[in-house]
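**Q** need the 3D shape of this:
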Amino acid sequence: MITINLKYKSTEGFQEFFSKLRHQYSCVYRYSYNRLYDGQTKLDIYHQVSELNNVEMVNSRLINDCIDFSSRLYEKDKLTNHKSIFGGKKNFKNLIKGKITKSEFLKKRLNSLYVQGETSRNGNRFFTLDILNNKITFKYNRDNYYLLDIGFITKHDLKLLMELQESKRKYTITMDENTIHISFDEVVDNISQLKTDRYIGIDLNPRNIGISVCDSKNNIIDTYNFDFGKIIDSIIGIKKPKTVKKEIRKKYLNNKLNHEILDISKRIGEISKHYQCKFIFIEDLNFIPKTKGKKTTKENKKFNRLTKNLWKRNIFIQNLEKRCTMNGQRMFKVNPAYSSFIGNCMYDYVDSVNASIEIGRRGFECIINKSKKFYPDILLKQSLAHHWKEKIGDIQSSWKKLFDNVKNKKLSYRVSLKDIKMDFDVFRKEVRMYDIYRFS
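**A** Take a look at the predicted model:
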């Protein structure tokens, strides 16, 4: 998905109309979000919204888009067991403290107008692109027809928008009082020879990402471990009290981390194209914050910060999905239950790579081959079998029982970089803050 952000200026009367429409649209958005939390369906919400008295400007098509838009926030908050405060938690606290006025807070509660694209309506029902003349037409209905003058467009964006206008592909508009955001799918870069018997498994962690390239016969072709723990440590190392210098440094490092995660996604995309992998399998992660009773312990706070704030897994997954679409590949999410334990018990690579091999095997076996063999046969690597022989006795009949036995006896099974002989190549560039370890 590509998003182009453009500043615009409107004709007379537009801002007054748009302000009223946006206000009513925001009411529908908040109402839909709260009803989704109550367990109602989108269809039920649509019928209820249609009967409200104070949203007469929001037509039926826009109501549908608004409900879909609010459901995205609902699904995101549902994963973290969190309910959003419209206008922002920080702004709400500032309102209580008297730092901002009620009218300023209400303005911050307004949502951007979101209009999904339609192929049958030349790309979008309410908007028409006229890129050559730097204009966008907003025709909401017969009585509300406005021309929006676009500001500066870069050469790259101009080329993309011209192709979009000529092809009449659908595009989504997200719009506030100053900026219009045009989002559309990229044209698929068709690869003539993708191998349906090759796949990549990916294991995600807060400090590193492990990947493995395998084939349908479970042969391991190539493996990589992307380690960005140094930048994570740099961010965690910024301690209180807060100062302007520390805040600037923290913001820089967070932006740097986002950049590196996107760079890793790009690198994995290049690897998948090089080996002509048709399928990408990745962990299906659903984290719930750690708590102890009603209070959060210091250890749990550290865990929550690492997994919720510093772990950029959503940015990585969304960017990788985009690249898969461009390459004509398919990406699937796989249940990662016991994948790390199984991987480390069977293979001699680093922890994250071992887990990625099991995730890839599981995805290809269950999703592509439609097999019910979720877990592999229990086959321990020789070094581990010899080490555990006297401590656990006979090998259990299932991976779960074996895991419980190992956990109760506090035996180690994870493989770190320190445990591996240095017979692999390390690729590093000074401009990067992450290392790529390749195990051949």
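**Q** show me the strands in the stretch 251-400 of the chain, by range?
**A** 277-283, 330-334 (DSSP state E, counting those that start in this stretch).
**Q** just checking, what's the longest helix in the chain?
**A** helix 244-274 (DSSP state H).
**Q** got the domain ranges for the protein?
**A** 2-184, 195-439 (automatic domain parsing).
**Q** low-confidence regions, the stretch 1-150 of the chain specifically.
**A** For the stretch 1-150 of the chain, no stretch is flagged by pLDDT under 70.
**Q** between the strands of the stretch 251-400 of the chain, which one is closest to residue 413.
**A** strand 277-283 (18.5 Å; Cβ to Cβ). Just so you know, the C-beta spots here come from the backbone N, C-alpha and C atoms, and that holds for glycine as well.
**Q** what's the angle from that closest one to helix 244-274?
**A** Angle of strand 277-283 versus helix 244-274, following axes from the mean of the first three to the mean of the last three Cα atoms, to 10 degrees, is 140 degrees.
**Q** strand 277-283 packs against which elements?
**A** strand 195-204, helix 313-327, strand 330-334, helix 351-363 (3 or more Cβ pairs under 8 Å, 6 or more residues apart in numbering; DSSP states H and E).
**Q** mind giving me JSON lines with those and columns for distance to residue 23?
**A** Shown next, in JSON lines, are the helices and strands packed on strand 277-283 (distance: least, Cβ to Cβ, whole Å):
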{"stretch": "strand 195-204", "distance to residue 23": "40"}
{"stretch": "helix 313-327", "distance to residue 23": "30"}
{"stretch": "strand 330-334", "distance to residue 23": "38"}
{"stretch": "helix 351-363", "distance to residue 23": "46"}
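**Q** want to throw these into TSV with mean pLDDT, distance to residue 157 and mean neighbour count?
**A** Listed next are the helices and strands packed on strand 277-283 as TSV, based on pLDDT from 0 to 100; distance: least, Cβ to Cβ, whole Å; neighbours: other Cβ atoms under 10 Å:
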stretch	mean pLDDT	distance to residue 157	mean neighbour count
strand 195-204	93	31	22
helix 313-327	85	17	18
strand 330-334	93	27	18
helix 351-363	93	36	27
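**Q** what's the closest of those to residue 56?
**A** Of the helices and strands packed on strand 277-283, nearest to residue 56 by Cβ to Cβ is helix 313-327, at 35.9 Å.
**Q** now do the residue sitting nearest the centre point of the chain against residue 321, distance only.
**A** Centroid-nearest residue in the chain, with Cα atoms, centre = their mean: residue 314, separated by 2.3 Å. From residue 314 across to residue 321, the span is 11 Å (Cβ to Cβ, to the nearest Å).
**Q** for residue 404, same thing?
**A** From residue 404 to residue 321 the distance is 35 Å (Cβ to Cβ).
**Q** one more: residue 22?
**A** From residue 22 to residue 321 the distance is 30 Å (Cβ to Cβ).
**Q** ditto for residue 397
**A** Distance from residue 397 to residue 321, by Cβ to Cβ: 38 Å.
**Q** fine by me, thanks again.
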